[in-house]
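Undergrad: I would like the atomic coordinates for the input below:
(2 chains)
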Amino acid sequence: MKTSRTAWKRSRRAGLAVVVLAVGLLAGSPAPAAGPATVGIKEFKFTPPMLTVPVGTTVTWTNRDEEPHTITSATGTFGSTGLSHEETFTQKFMRPGTYAYFCALHPHMKGTVIVR
Amino acid sequence: MDRIDRRGFLQCMAWTGSAVVWSAAGGVLSSRLVAPAAAADAPAGSFSFVQISDTHVGFKGQANSDATATLQQVIDRVNALPTRPAFVLHTGDQTHGQKAGAFDTVAELLKGVKTERIFYVPGEHDVFLDGGKEYLSRYGQGTVGSRGWQSFDYKGTHFVGLVNVLKYKGEGMGSLGEEQLEWLEKDVGALSGSTPIVVFSHVPLWAVYPQWGWTTEDAARALAYLRRFGSVTVLNGHIHQVVQKVEGNVAFHTAMSTAFPQPAPGSAPAPGPMKIPEAEARRMIGVTEVAYVPGKHPLAVVDSTLA
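TA: Okay, the predicted model is just below:
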């Protein structure tokens, strides 16, 4: 009995993983996404700090901190204003390249979007 | 929700001192709580002033649902002081991330402070979006080159307000920059070593916790110009908590915020607003009063909390 319950739990977890993967694939349209096109900002960190996406992807940043943060391109090509708690910023990437960004209020917070 | 609000209200009613009043006495600042009981039989030549810091108007979080209301409570408290402060120093972060309209709200509220004058220095929250354009258009007038830094004398004490958030870079620490340092050297150069000095800026002028950017990269040079003075008091904000240090003749002091507390250095994964109940936070926000009494050392600095 014990063994079978564990097995059931495992299979359900596997099912969840499939759902998460499917959602990830949908979000990455038109081409299959290399990962979810979202970046969280929490405890003064961009997560994931490095995100790889296909050309044409719209990346969404959400600030989970009560401290404001910005998404500011290191080369000035894109940027947000100060994001309050739970505010989001989106940016569509149309050209391949490596896009470094940081938070203008906390310059030690750094992130990168790689577009392929 | 209702219960929490009422409790918060009662705590405010009981609040006896969330401003630090700095008193200069013979060149050393000391502070005491801004409490009605602090009424003093002030000797001639003595005066006091108040430091308000990190008002963060526009902030809304777990620790404080209304940073405007807590600022108003601090102002009411200052106005209830037995001795009217000669002036008020606002050590920056008036706004929470330059939230639209926040500068106006702060200006409007501070009109209600019963004092002669309010002096300002910017915090990084006041300048990061536009490089200080709006801040300097409001508060740059009369400062050195309209750049925000300044000095003035009051009853024999020399006050210096420094800007260390306009070259906020690298690891996110404060920076004064060459021009301001050169100005400071000249500004204090002609003064007698017995002149009491009070320096105020937003980011601490000493290494409170560099890992979180709680330091000013070129502060050592500024302090070198001040070392020969018998009494130097450095008043900062930024870190939303009271931390003090004495180094020779230099006394360092950071003030509480009027909006929300930040964690003690290294006690959390990151700085930022603590997520704690409002009632608890009110014991960690407040104001500073400083008193100066001639012939006495040092200036008295007293911090008091909202609850």
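Undergrad: Looks to me like A:Thr60 is in a helix.
TA: No: judged by DSSP: H, G, I helix; E, B strand; the rest coil, A:Thr60 forms no part of a helix; its state is strand.
Undergrad: just checking, it touches A:Phe89?
TA: Yes: A:Thr60 lies in contact with A:Phe89 (Cβ atoms under 8 Å); the separation is 7.3 Å. Bear in mind the C-beta positions are built from the backbone N, C-alpha and C, glycine included.
Undergrad: Mind checking which of those two has more residues around it?
TA: The neighbour count for A:Thr60 versus A:Phe89, taken as other Cβ atoms under 10 Å in any protein chain shown, is higher for A:Phe89 (19 against 15).
Undergrad: which secondary structure element contains that one?
TA: Using DSSP states H and E, A:Phe89 maps to strand A:88-93.
Undergrad: Sheet partners, orientation included, of that strand?
TA: As defined by DSSP bridges, the strand partners of strand A:88-93 come to strand A:57-63 (antiparallel).
Undergrad: which is the next helix or strand following the partner strand?
TA: Next along from strand A:57-63, by DSSP H and E: strand A:72-73.
Undergrad: buried sites along the helix or strand that contains B:Leu184?
TA: Element membership of B:Leu184 [criterion: DSSP H and E] is helix B:178-189. Neighbour counts over helix B:178-189 (16 or more other Cβ atoms under 10 Å in any protein chain shown) mark B:180-181, B:183-184, B:187-188 as buried.
Undergrad: which residues sit in contact with the nearest residue to B:Arg117 once chain neighbours are set aside?
TA: Residue nearest to B:Arg117 in three dimensions, not counting chain neighbours: B:Phe87, with 4.6 Å by Cβ to Cβ, 6 or more residues apart in numbering or on different chains. For B:Phe87, the contacting residues are B:49-50, B:115-119, B:154, by Cβ atoms under 8 Å, 6 or more residues apart in numbering or on different chains.
Undergrad: Check B:Glu134 too.
TA: Shown in contact with B:Glu134 (Cβ under 8 Å, 6+ apart): B:98, B:103, B:126.
Undergrad: Nearest to chain A among those?
TA: B:Gln98 (6.4 Å; Cβ to the nearest Cβ).
Undergrad: Verify the contact between that closest one and B:Gly132 for me.
TA: No: using Cβ under 8 Å, B:Gln98 makes no contact with B:Gly132, being 10.2 Å away.
Undergrad: where exactly do the strands run in chain A?
TA: Along chain A, the stretches classed as strands by DSSP state E are A:38-42, A:45-47, A:50-53, A:57-63, A:72-73, A:88-93, A:97-102, A:110-115.
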